[in-house]
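Please find the sequence and the predicted model below.
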Amino acid sequence: MLAPDCDIFTMYEMLGSGLGLAEYEIDLAMTQMAQGDDSYWVFGYGSLIWNPGFAFVSAQKGLLRGGHRSLSIISHHYRGTPEQPGLVFGLARGGSCRGMAFEVAAESWPEVAAYLHAREMVTSVYRDVVRPVRLEDGRQVAALAYMVNDDHEQYVGKLSLDEQVAMVRAGIGSAGPNVDYVLNTARHLEQLGIYDRTLIALVRALGGPDQAA
């Protein structure tokens, strides 16, 4: 078990460095830490950045380590159909991800958590976990994040740029065209000053507006 006086964020970094700490212990400790706060945090890396859909009291850029933004989840509903699937983002293992951290008041948390579960866990392609996020103001918080379920059939791993382009161009779901989802995410990341090289390459291949490096 984790030492009672350890810094949980340091311990998580140790886990990421391969020092053998059990991930479930980190998740448990982070969850307990979050439950002791007056507010809760949610980390957004895709559509949550520009369409959170829930009430929050503050928001700022944040850095999550141990996962990276990856357009690697087949969408049969929001951005595609079973016959013509699209692609949506997930947090895949490894690396780091810059996104938005949303602070939610404790009294609003049950409603927000239920909303996010209904939105993100439709097919269980994500794992709802709590991860340390470093905020732009220097604080470190425990935030709810949605990691990829590596074993799920909708997770396709790393696709080639051509494969991504073909699926994004063809996908249209209940929330609209897949290309709009990708371009919206890219545009809002650019506005935040977040440079995602892989996403920028995809936008260029789709014929979207060029982004500064």
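Here it is on my side, so go on. Numbering: from 1, shown residues only.

going forward, measure contacts between C-alpha atoms and count neighbours the same way
Noted.

Just the mean pLDDT for the longest strand seen in the chain, thanks.
Selection of the longest strand in the chain by residue count, based on DSSP state E, yields strand 86-105. Throughout strand 86-105, pLDDT has a mean value of 94.

Keeping just the C-alphas, turn it into PDB.
What follows is strand 86-105, C-alpha atoms only, in PDB (Å, rounded to 0.1, in the frame of the first residue of the first chain):
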ATOM      1  CA  GLY A  86     -16.200   7.900 -37.600                       C
ATOM      2  CA  LEU A  87     -13.400   8.500 -35.200                       C
ATOM      3  CA  VAL A  88     -13.300  10.300 -31.900                       C
ATOM      4  CA  PHE A  89     -10.500  11.100 -29.400                       C
ATOM      5  CA  GLY A  90      -9.500   9.100 -26.400                       C
ATOM      6  CA  LEU A  91      -6.600   9.200 -23.900                       C
ATOM      7  CA  ALA A  92      -4.300   6.400 -24.800                       C
ATOM      8  CA  ARG A  93      -1.500   5.200 -22.500                       C
ATOM      9  CA  GLY A  94       1.800   6.900 -22.400                       C
ATOM     10  CA  GLY A  95       3.100  10.400 -23.000                       C
ATOM     11  CA  SER A  96       1.200  13.500 -21.800                       C
ATOM     12  CA  CYS A  97      -1.800  15.600 -22.800                       C
ATOM     13  CA  ARG A  98      -2.500  19.300 -22.500                       C
ATOM     14  CA  GLY A  99      -6.200  20.200 -22.300                       C
ATOM     15  CA  MET A 100      -8.800  22.000 -20.100                       C
ATOM     16  CA  ALA A 101      -9.500  21.300 -16.500                       C
ATOM     17  CA  PHE A 102     -13.000  22.300 -15.200                       C
ATOM     18  CA  GLU A 103     -13.700  22.900 -11.600                       C
ATOM     19  CA  VAL A 104     -17.100  21.700 -10.400                       C
ATOM     20  CA  ALA A 105     -18.800  22.700  -7.200                       C
END
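
Next, the buried residues of the helix or strand containing Leu116.
According to DSSP states H and E, Leu116 maps onto helix 109-120. Residues of helix 109-120 classed as buried by neighbour count (16 or more other CA atoms under 10 Å): 109, 112-113, 116.

what comes into contact with it?
39-40, 54-55, 104, 126, 146 (CA atoms under 8 Å, 6 or more residues apart in numbering).

which ones are touching the residue nearest in space to the middle of the chain?
Centroid check for the chain by CA atoms, centre = their mean gives Tyr45 as the closest residue, at 4.0 Å. Residues near Tyr45 by CA under 8 Å, 6+ apart: 69, 89, 91, 97-100.
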